[in-house]
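*Asks:* Quick one, structure for this:
(chains A and B)
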Number of protein chains: 2
Amino acid sequence: MSEVEENIKRLTANKHVQGVLIVNEDGQIIKSTLEPTLNKKYSDLITKLVEQTIFCIKEMDDTNDLTFLRVRTKKHEILIAPDKEYLLITIQNPETKS
Amino acid sequence: MSEVEENIKRLTANKHVQGVLIVNEDGQIIKSTLEPTLNKKYSDLITKLVEQTIFCIKEMDDTNDLTFLRVRTKKHEILIAPDKEYLLITIQNPETKS
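*Replies:* As a prediction, this is how the structure comes out:
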């Protein structure tokens, strides 16, 4: 099993996890457990948000870089782990402590 | 002591906290413990990032809203708590567990 598939399996086994989405550096979806109708919208929006966040960080200090982004909302929490080759995005219940 | 001042006092007492910045809804700095030269740049960039994050969340679901944003970088972690009237921004060491 690939590292990506292992990550998805581990994450989706967590009862608080609502969905997992993996997007490559070109914005293409590699893996998803979301409803198919949401995939394109979520991957486009989150990829753009990560680019904006990296821009913000680099404007503050161009030798710095993003390692993890956690967006807590009223309805869920979006965890984004950027990697060289892809973004690992997890959507979970907001109550979860991790 | 105002609620804002109490928040700053509590946060800056934490040894992991490098700085606290409070920005009102018009982007004006209410309080800051950062170096004065950084205030304008940080408040402008973080205010813009919060607007972009709220836009992203509302595009995904317009009945949802941002409650907390955590940006972990190689050098520090930026915690942003949006309120009706202001943003409470804390910059702390990335190793800190909270």
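
*Asks:* Strands along chain A, start to end?
*Replies:* A:17-24, A:29-32, A:66-73, A:77-82, A:86-92 (DSSP state E).

*Asks:* Run through who's touching the fourth one.
*Replies:* Strand A:77-82 is touched from outside by A:46, A:49-50, A:54, A:66-71, A:87-94, A:96, with contacts defined as C-beta atoms under 8 Å, 6 or more residues apart in numbering or on different chains. Quick note: C-beta positions are derived from backbone N, CA and C, even for glycine.

*Asks:* List buried members of those by neighbour count.
*Replies:* Applying 16 or more other C-beta atoms under 10 Å in any protein chain shown to those, the neighbour count classes A:46, A:49-50, A:54, A:66, A:69-71, A:87-92 as buried.

*Asks:* would TSV of the strands of chain A with mean pLDDT be doable?
*Replies:* Shown next, in TSV, are the strands of chain A (pLDDT from 0 to 100):
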stretch	mean pLDDT
strand A:17-24	92
strand A:29-32	92
strand A:66-73	97
strand A:77-82	96
strand A:86-92	94
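
*Asks:* do you know which of those strands lies nearest B:G27?
*Replies:* Among the strands of chain A, the nearest to B:G27 by C-beta to C-beta is strand A:66-73 (20.7 Å).

*Asks:* Just checking that closest one against chain B, any contact.
*Replies:* Yes: against chain B, strand A:66-73 shows contacts by C-beta under 8 Å from any C-beta of the partner chain at A:L66, A:T67, A:F68, A:L69, A:R70, A:V71, A:R72, A:T73.

*Asks:* again, but for stretch A:22-42
*Replies:* Yes: using C-beta under 8 Å from any C-beta, stretch A:22-42 comes into contact with chain B via A:K41, A:Y42.

*Asks:* How about that stretch, which residues are buried there?
*Replies:* Buried positions in stretch A:22-42, judged by neighbour count with 16+ other C-beta under 10 Å: A:I22, A:V23, A:I29, A:I30, A:S32, A:T33, A:L34, A:N39, A:Y42.

*Asks:* Between the two ends of that stretch, how far is it?
*Replies:* Distance between the two ends of stretch A:22-42: 11 Å, counting by C-alpha to C-alpha, to the nearest Å.

*Asks:* Find the centremost residue of chain A, please.
*Replies:* Most central in chain A under C-alpha atoms, centre = their mean is A:I89, positioned 1.9 Å from the mean C-alpha point.

*Asks:* Name the nearest residue to it, sequence neighbours excluded.
*Replies:* A:L21 (4.3 Å; C-beta to C-beta, 6 or more residues apart in numbering or on different chains).

*Asks:* Dig out what the one you found forms beta bridges with.
*Replies:* Note on A:L21: beta-bridge partners A:S32, A:I89, judged by DSSP bridges.

*Asks:* Equivalent analysis for A:I80, please.
*Replies:* A:L69, A:I89.
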